[in-house]
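In: what follows is a protein structure lacking sequence information:
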């Protein structure tokens, strides 16, 4: 069986053998072809003479001791090199002047020169002061154009600036920084019985839907008689109510009242605190016992507990 399998597997037709031979020839040509490119494609000769001349010029300039920028100093400790300062460009060794306590706002030309400051820098300082400029703290002298860092550090310990200065005969008081006092903001208090949706939406956590629900609940009740009633609004989280509670007040305690001697069941059951069962009980008691003399008379009805009466009492009347 194995011999038959091998024979069938390696047995090729004439077309298959021809295809295999052609494929092998193509593979061999593709492998050899890159090695034949140099024989068919000749590279143009590159003249490197100009490049060598440039290298020689740079090398000659590097070792030219007459070039003022070629001079370098080397430190054996950190191996960092740096260029020697060019005396013609103003990097001369600074002259050490006499140190004394001074006020830069009132010091004259002679005083600055006594400190060792160059004439050009002294002129810059005087022009600055003449135009209304002044120094508020010792470190401000570091802003002077032409005054080097080592001079600034040398002068700062001797700078003494007075609270008031007399510059060019004019007394100037230096700027005094006053502590910033944050303005205290007192949020406006809202009368919940007169507020509209625009005012309510501005409160934290109250969107258009909640504002509409609060006003709808207020209208069905006939007005709020205490701020805590707002928390009964459907969908109003207690956390949100606690945030906005201090913003509400009730300036007008008058609410719409229902006359329990004349109102029908339908009229009373529309109130959120009464509903059908309680409204029907009030009407039935009135039919059986006559008109109510006082609002407190509804306490005689079994459904009206003390808590229920305290809740609905402000919305009822007898005449």
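Out: The structure has been received and is ready for your questions. Not measured: the values here are computed from a predicted model. Numbering: from 1, shown residues only.
In: end-to-end on stretch 251-264?
Out: Between the opening and closing residues of stretch 251-264 lies a distance of 31 Å (Cα to Cα, to the nearest Å).
In: would you map out the domains in the chain?
Out: The record assigns the chain these domain ranges, following automatic domain parsing: 109-173, 190-249, 258-317.
In: mean confidence for the last one?
Out: Think domain 258-317. Along domain 258-317, the predicted confidence averages to a pLDDT of 94.
In: oh, and call the first residue 623 from now on, that's how I've got it
Out: With the count now opening at 623, the last piece we talked about shows up as domain 880-939.
In: end-to-end on it?
Out: End-to-end distance (Cα to Cα), domain 880-939: 6 Å.
In: now do the second one
Out: This stretch, domain 812-871, spans 6 Å end to end (Cα to Cα).
In: to residue 636, which of the domains of the chain lies closest?
Out: Proximity to residue 636, assessed across these by Cβ to Cβ, is greatest for domain 812-871 (86.2 Å). Yep, even glycine has a C-beta here, placed from its N, CA and C like the rest.
In: how far does that closest one sit from its chain's centre?
Out: For domain 812-871, the distance from its own C-alpha centre to the chain's C-alpha centre is 32 Å (Cα atoms, centre = their mean, to the nearest Å).
In: same question, stretch 746-759
Out: Its chain's C-alpha centre lies 38 Å from the corresponding centre of stretch 746-759 when counted by Cα atoms, centre = their mean.
In: residues of that stretch that come out buried?
Out: Neighbour-count burial for stretch 746-759, with 16 or more other Cβ atoms under 10 Å as criterion, is recorded at 747, 750-751, 756-757.
In: any chance of the domains of the chain in a markdown table, with distance to residue 655 too?
Out: Below are the domains of the chain laid out as a markdown table (distance: least, Cβ to Cβ, whole Å):
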| stretch | distance to residue 655 |
| --- | --- |
| domain 731-795 | 69 |
| domain 812-871 | 76 |
| domain 880-939 | 95 |
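In: can you tell me which residues contact residue 870?
Out: Taking Cβ atoms under 8 Å, 6 or more residues apart in numbering as the contact definition, residue 870 lies against 811-814, 849, 852.
In: try it again with 7 Å
Out: Taking Cβ atoms under 7 Å, 6 or more residues apart in numbering as the contact definition, residue 870 lies against 812, 814, 849, 852.
In: hang on, isn't the second one packed against residue 848?
Out: When you say that, I think you mean residue 814. No. Shown here, residue 814 and residue 848 do not form a contact pair, counting by Cβ atoms under 7 Å, at 9.7 Å.
In: please enumerate the shared neighbours of the two.
Out: Taking Cβ under 7 Å, 6+ apart as the contact definition, residue 814 and residue 848 share the neighbouring residues residue 872.
In: strands of the stretch 723-872 of the chain, start to end?
Out: Applying DSSP state E, counting those that start in this stretch to the stretch 723-872 of the chain gives strands spanning 786-789, 792-795, 812-813, 870-871.
In: and residue 936, how many residues sit next to it?
Out: Each residue near residue 936 was counted by other Cβ atoms under 10 Å, and the total is 19.
In: low-confidence ranges, the stretch 773-922 of the chain, go.
Out: For the stretch 773-922 of the chain, applying pLDDT under 70 flags the ranges 785-808.
In: re the thing from before, compare residue 814 and residue 848 (neighbour count), which wins?
Out: Between residue 814 and residue 848, counted using other Cβ under 10 Å, residue 814 has the larger neighbour count: 23 against 11.
In: who does the nearest residue to that one once chain neighbours are set aside form a beta bridge with?
Out: With Cβ to Cβ, 6 or more residues apart in numbering as the measure, residue 870 is the residue that lies nearest to residue 814, at 4.8 Å, once sequence neighbours are left out. The residues listed as beta-bridge partners of residue 870 by DSSP bridges are residue 812.
In: so how far is residue 913 from residue 870?
Out: Here the criterion is Cβ to Cβ, to the nearest Å. By it, residue 870 lies 37 Å from residue 913.
In: separation between the nearest residue to residue 849 once chain neighbours are set aside and residue 915?
Out: Closest residue to residue 849 apart from its sequence neighbours, by Cβ to Cβ, 6+ apart: residue 870 at 4.8 Å. In this structure, residue 870 lies at 36 Å from residue 915, with Cβ to Cβ as the measure.
In: about what we covered before: which among the domains of the chain is found nearest to residue 663?
Out: Residue 663 lies closest to domain 731-795 among these, at 63.1 Å (Cβ to Cβ).
In: pretty sure residue 905 contacts residue 887?
Out: Yes. Here residue 905 reaches residue 887: they are 5.2 Å apart, a contact under Cβ under 7 Å.
In: give me the buried positions along stretch 883-901.
Out: Taking 16+ other Cβ under 10 Å as the neighbour-count basis, stretch 883-901 is seen to contain the buried residues 885, 887, 890-891, 893, 895-896, 900-901.
In: quick one: end-to-end distance for it.
Out: Chord length of stretch 883-901, first to last residue, is 12 Å (Cα to Cα).
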